[in-house]
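Enquirer: Starting from these lines, generate the structure:
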Amino acid sequence: MHASVSDQTSKGNSTSAPAPTQLQKLVEFLVVASCTLAFAFTSLGVLHSLLQKDAAGKRDFVEYWAAGLQLAHHANPYDAQALLAIEHSAGFPPDIPVMLVRNPPFVLPLLAPLGYLSPLAAELIWCSFLLILLLASVWMLRRLHGRSGSAADLLALFFAPALCCLLTGQVSMLMLAGVTLFLYFHRDKPMLAGAGLALCIVKPHLLLPFALVLLIWIVDRKRYRILLGAGLMLAIAAAIAYLLDPHAWAECAALARESRAETVVLPCLSYMLRQKLAPGAVWLQYLLPALGSLWAVAYYRRHRAEWDWMTHGALLTIVSLTIAPYSWFTDQVMLIPALLSALYATRSRALTAVFALVSAGVQLTIFGGGSRMLHSPWLVWTAPFWLGWYLLATRKERDVLVNLDAVPTPAA
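Expert: Reported below is the predicted structural model:
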């Protein structure tokens, strides 16, 4: 099947494309200009943060540094009062509530080294770490698709959620690395694929339907080495977390009970659904993930014979994040593998231009509105938009696959 698709694609590519019109040239210029501005402003924002003495306290990064400092002093990294005092010492604005590390203790080994550094040095290292994850992820995805460097790679690197992760220092970049490592190694090196996928434990709620299908696929294909790789990585992380703080799990559970995360305003569909129907019914935030998981199982059963994580898994990833019980705009960075595959697949300049302009427009709006824009309900449309864009960009590719599946196989 894949050979046939490649043949059809190569035939399509051999057809000479019409020369771009003046309007197309104008649109392409606007796309390049918008993306350049978005990247430039984000770079200036990161540089400004690094140069100012107390700028680290104005970004999400401060919660990771504060937790690391607590670990360095053998104290509770989930203590809200202690974290708030540390964040104020780093220049955290007094009118903003405490920034809490809500991730499970598996993430503590990554945060602990930050506590031995000044806020500025820790921020520089952390930002460099996130940038390396982004660059490495795009490089691996490009190799998976057998591509050389192209404008699509730049659109992925300048993707608004990715730039926001760098701007704020958000840990969501680990989700991108986890999904990418799984895709890169799952065929030939399942242990490494599982070890990479373990990074997604920082925010497992973003991949509920994806995780359910993954478990079914592992059992179905007997790929248990993926589970072994993930289990070993998590066991190592848990052991290190225990050495850093033997009471970390109990402290994390206590924070989850006391902080009432369900009261936080979230720019995601599940939260908005709950607010519209019954604000006090927290279970409503899990209705869409439950329905999505049923769809995911049916989707896997339909495509079980030809299941491919590079194609079918892409749609599954976008749907999982779109209907997640709670998510932030920066979490959408994990969509880069799916969206980059669509950018490679589509031959529509219009769709590519729409992707670039919307991404740059959102980034510039967030930059102009300040970090509080990241918490604005206005961003709720972005995840469904990427889902719709992906479906449009890959519709011809799906039609080819459907037509090929409909052709009867010759008798041996």
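Enquirer: can we go C-alpha only for contacts and neighbour counts from here?
Expert: Fine.
Enquirer: quick one: Phe106 and Leu243 touch, right?
Expert: No. In this structure, Phe106 is not within contact of Leu243 by C-alpha atoms under 8 Å, at 11.8 Å.
Enquirer: Neighbour count: those two, which is higher?
Expert: Neighbours per residue (other C-alpha atoms under 10 Å) separate Phe106 from Leu243, with Phe106 holding more: 23 against 13.
Enquirer: contacting residues for the more buried one?
Expert: Going by C-alpha atoms under 8 Å, 6 or more residues apart in numbering, Phe106 touches Ile201, Val202, Leu234, Ala237, Ala238, Ala241.
Enquirer: One more: Gly196?
Expert: Residues in contact with Gly196 (C-alpha under 8 Å, 6+ apart) are Ala177, Gly178, Val179, Thr180, Leu181, Phe182, Ala230.
Enquirer: Mind telling me what element it is part of?
Expert: Element membership for Gly196 (DSSP states H and E) is helix 190-197.
Enquirer: quick one: buried residues of the helix or strand following that helix?
Expert: Using DSSP H and E, the next helix or strand after helix 190-197 towards the C-terminus is helix 208-221. Using 16 or more other C-alpha atoms under 10 Å as the burial criterion, the residues of helix 208-221 that qualify are Leu208, Pro209, Phe210, Ala211, Val213, Leu214, Trp217.
Enquirer: Make CSV out of those and add pLDDT and distance to Leu351.
Expert: As requested, the buried residues of helix 208-221 are arranged in CSV below (pLDDT from 0 to 100; distance: C-alpha to C-alpha, whole Å):
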residue, pLDDT, distance to Leu351
Leu208, 96, 29
Pro209, 97, 27
Phe210, 97, 26
Ala211, 97, 30
Val213, 97, 30
Leu214, 97, 30
Trp217, 97, 32
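Enquirer: Tell me the one among those residues nearest to Ala345.
Expert: Ranked by distance to Ala345 (C-alpha to C-alpha), those are led by Phe210 at 22.2 Å.
Enquirer: State the distance from the closest one to Phe129.
Expert: To Phe129, Phe210 is 26 Å away according to C-alpha to C-alpha, to the nearest Å.
Enquirer: what mean pLDDT does the host helix or strand of Gly361 have?
Expert: Assessed by DSSP H and E, Gly361 sits inside helix 349-369. Average pLDDT, helix 349-369: 85.
Enquirer: Stretch 118-137 too?
Expert: Here the average pLDDT along stretch 118-137 is 91.
Enquirer: quick one on the thing from earlier: which ones among the contacts of Gly196 lie within strands?
Expert: Among the contacts of Gly196, no member falls in strands (DSSP state E).
Enquirer: Just the ones in helices from these, please.
Expert: Ala177, Gly178, Val179, Thr180, Leu181, Phe182, Ala230 (DSSP state H).
Enquirer: a markdown table for the buried residues of helix 208-221, including distance to Met173?
Expert: Shown next, in a markdown table, are these (distance: C-alpha to C-alpha, whole Å):
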| residue | distance to Met173 |
| --- | --- |
| Leu208 | 18 |
| Pro209 | 20 |
| Phe210 | 18 |
| Ala211 | 18 |
| Val213 | 23 |
| Leu214 | 21 |
| Trp217 | 25 |
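Enquirer: still on that earlier bit, most neighbours among the contacts of Phe106, which one?
Expert: Busiest of the contacts of Phe106 [other C-alpha under 10 Å] is Ala241, holding 23 neighbours.
Enquirer: Touching, it and Leu111? I think so.
Expert: No. With contact defined as C-alpha under 8 Å, Ala241 does not count as touching Leu111 (10.2 Å).
Enquirer: can you map out the helices along the stretch 101-250 of the chain?
Expert: Using DSSP state H, counting those that start in this stretch, the helices of the stretch 101-250 of the chain run over residues 108-111, 119-144, 151-157, 160-168, 173-185, 190-197, 208-221, 224-244, 248-259.
Enquirer: which sections of the stretch 301-412 of the chain are below the confidence cut-off?
Expert: For the stretch 301-412 of the chain, the stretches flagged by pLDDT under 70 are 370-371, 397-412.
Enquirer: which residue ranges form the helices in it?
Expert: 312-322, 336-345, 349-369, 382-393, 395-406.
Enquirer: among those, which is nearest Leu273?
Expert: Across these, Leu273 has its closest neighbour in helix 312-322 (12.5 Å, C-alpha to C-alpha).
Enquirer: Identify the residues contacting the most centrally placed residue in the chain.
Expert: The residue lying closest to the centre of the chain (C-alpha atoms, centre = their mean) is Met334, at 2.0 Å. For Met334, the contact set (C-alpha under 8 Å, 6+ apart) comprises Ser172, Met173, Met175, Leu176, Ala177, Val179.
Enquirer: Now do the same for Leu44: its pLDDT.
Expert: Residue-level pLDDT assigned to Leu44 equals 69.
Enquirer: Please read the previous query as pertaining to Gly169.
Expert: Confidence score, pLDDT, at Gly169: 88.
Enquirer: Equivalent analysis for the one 3 residues further on, please.
Expert: Note on Ser172: pLDDT of 94.
Enquirer: What is the burial count for it?
Expert: 24.
Enquirer: Quick check: Met140 touching Phe182?
Expert: No. Using C-alpha under 8 Å, Met140 makes no contact with Phe182, being 10.7 Å away.
Enquirer: between those two, who's got more neighbours?
Expert: Shown here are Met140 and Phe182; by other C-alpha under 10 Å, Phe182 has more neighbours (23 against 18).
Enquirer: What's the separation between the closest residue to the more buried one other than its chain neighbours and Cys127?
Expert: Leaving aside its sequence neighbours, Phe182 sits nearest to Ala193 (C-alpha to C-alpha, 6 or more residues apart in numbering; 4.2 Å). Using C-alpha to C-alpha, Ala193 is found at 25 Å from Cys127.
Enquirer: need the helices of the stretch 301-412 of the chain in JSON lines with mean neighbour count, can you?
Expert: Formatted as JSON lines, those follow (neighbours: other C-alpha atoms under 10 Å):
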{"stretch": "helix 312-322", "mean neighbour count": "24"}
{"stretch": "helix 336-345", "mean neighbour count": "22"}
{"stretch": "helix 349-369", "mean neighbour count": "18"}
{"stretch": "helix 382-393", "mean neighbour count": "18"}
{"stretch": "helix 395-406", "mean neighbour count": "13"}
